[in-house]
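Enquirer: sequence unknown, structure follows:
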């Protein structure tokens, strides 16, 4: 059931218009995800704010990509996996990392693999990872701050992944070359 509109800065509810203008400023376009979210100015604003906060986290570009894509792949998000593949390229993340995440194959470093395993544990246990999993995460070189930043990334991705499932958001043209389906 996809009866969600793809709004632009003219058709969106009044409160969403400045948010869509921010999307154009940040991305050079209104991504279809934002166009769908515009029906709820609160959702779009919350998503944009969480995105900015996660970008400001202590994770580097590779680690941000691991958190985002691990969640996107686990949730089977047809929109966010291609979008974040393009974003990873823009952030300078290697194709090796992106392909490993998309294909659920081992990452090129033990530390990144520990981040992926911990993120999956948080998603799959709904925030109740085992004590051993948390200790393994710390042993890999991560901190309590990083535990909480995974939660921040998850909050952002739940907003986008669930919206895309509900709206069957069409993948934007610039992301189509990174099309993906869960194996």
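Expert: Right, received. Where do you want to start? Fair warning: this is a prediction, and the values are worked out from it, not measured in the lab.
Enquirer: mean confidence score for stretch 43-52?
Expert: For stretch 43-52, mean pLDDT is 97.
Enquirer: residues contacting that stretch, please?
Expert: Applying C-beta atoms under 8 Å, 6 or more residues apart in numbering, the contact partners of stretch 43-52 are 16, 19-20, 22-23, 33-34, 37-38, 152, 155-156, 159-160, 163. All C-beta atoms are positioned from the backbone trio N, CA, C, and that covers glycine.
Enquirer: let's go with 7 Å and repeat that
Expert: For stretch 43-52, contacts defined as C-beta atoms under 7 Å, 6 or more residues apart in numbering pick out 16, 19, 22, 34, 37, 38, 152, 155, 156, 159, 160.
Enquirer: same thing with stretch 126-140?
Expert: By C-beta under 7 Å, 6+ apart, stretch 126-140 touches 110, 111, 114, 118, 121, 122, 147.
Enquirer: on that earlier part again, buried ones among the contacts of stretch 43-52?
Expert: 16, 19, 22, 34, 37, 38, 152, 156, 159, 160 (16 or more other C-beta atoms under 10 Å).
Enquirer: give me the subset of those residues lying in helices.
Expert: 19, 22, 34, 37, 152, 156, 159, 160 (DSSP state H).
Enquirer: please enumerate the strands of the chain.
Expert: For the chain, applying DSSP state E gives no strands.
Enquirer: spatially nearest residue to the residue nearest the centre of it, not counting backbone neighbours?
Expert: The residue lying closest to the centre of the chain (C-alpha atoms, centre = their mean) is residue 68, at 3.9 Å. Nearest residue to residue 68, sequence neighbours excluded (C-beta to C-beta, 6 or more residues apart in numbering): residue 84, at 5.0 Å.
Enquirer: now do the contacts for the spatially closest residue to residue 16 that is not a sequence neighbour.
Expert: Spatially, and ignoring its direct neighbours in sequence, residue 16 is nearest to residue 38 (4.0 Å; C-beta to C-beta, 6+ apart). Residue 38 makes contact with 7, 12, 13, 16, 20, 44 under the criterion C-beta under 7 Å, 6+ apart.
Enquirer: adding distance to residue 79, write those residues out as TSV.
Expert: Formatted as TSV, those follow (distance: C-beta to C-beta, whole Å):
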residue	distance to residue 79
7	16
12	19
13	22
16	19
20	17
44	15
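Enquirer: who wins for most neighbours among these?
Expert: residue 44 (27 neighbours; other C-beta atoms under 10 Å).
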